[in-house]
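>>> Whatever this is, show me its structure:
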Amino acid sequence: MTKDEALRLALEVLADLGMKHYENTGEVLYKNTYTAIKAALEAKDEPVAWMRDDSVTADTIWGKYGPKKVFDSDMPLYTTPPQRKPLTDDEIQDALEAEFLGCDTKRNWQDDLRVARAIEAAHGIKGEA
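Predicted coordinates for the structure are as follows:
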């Protein structure tokens, strides 16, 4: 379940709960929670900076304290969280060898590799190494 799916489910439950069981003691908490979830779901990405690219002046970039879009040619700049990539088989083996350095037992690296891939999948790390 994604964050948005979880928030939507919580929002539906709060809406239903609010209709069925609306006590004075929980009214403020209910309203604040409902409002916060609704705002988080409706939030749109805002540019972190703007860039002006024209032939008259040098490229100019300004952040949140500068003006917003002034000219039609001004371009919004956004951030994207870095995408996590899976480790290579060699990186996993190196990490395991370092962890079990000096261990007398024989390791089955293929089993360890499957465990590492399952951990990556559980954390939403996808793609080719």
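>>> helix, strand or coil for K31?
helix (DSSP: H, G, I helix; E, B strand; the rest coil).
>>> which residues touch it?
Listed by C-beta atoms under 8 Å, 6 or more residues apart in numbering, K31 has no contact partners. Just so you know, the C-beta spots here come from the backbone N, C-alpha and C atoms, and that holds for glycine as well.
>>> before we move on, what about the one 10 residues further on?
Contacts for L41 (C-beta under 8 Å, 6+ apart) come out as 4, 7-8, 11.
>>> And G127, by the same measure?
83, 85-86.
>>> May I see the residues you listed organised as JSON lines, with pLDDT added?
Shown next, in JSON lines, are the contacts of G127 (pLDDT from 0 to 100):
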{"residue": "Q83", "pLDDT": "74"}
{"residue": "K85", "pLDDT": "82"}
{"residue": "P86", "pLDDT": "85"}
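>>> re the thing from before, turn the contacts of L41 into a markdown table, columns for distance to S73, pLDDT and neighbour count.
As requested, these are exported to a markdown table (distance: C-beta to C-beta, whole Å; pLDDT from 0 to 100; neighbours: other C-beta atoms under 10 Å):
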| residue | distance to S73 | pLDDT | neighbour count |
| --- | --- | --- | --- |
| D4 | 33 | 74 | 10 |
| L7 | 36 | 77 | 16 |
| R8 | 38 | 78 | 14 |
| L11 | 39 | 77 | 17 |
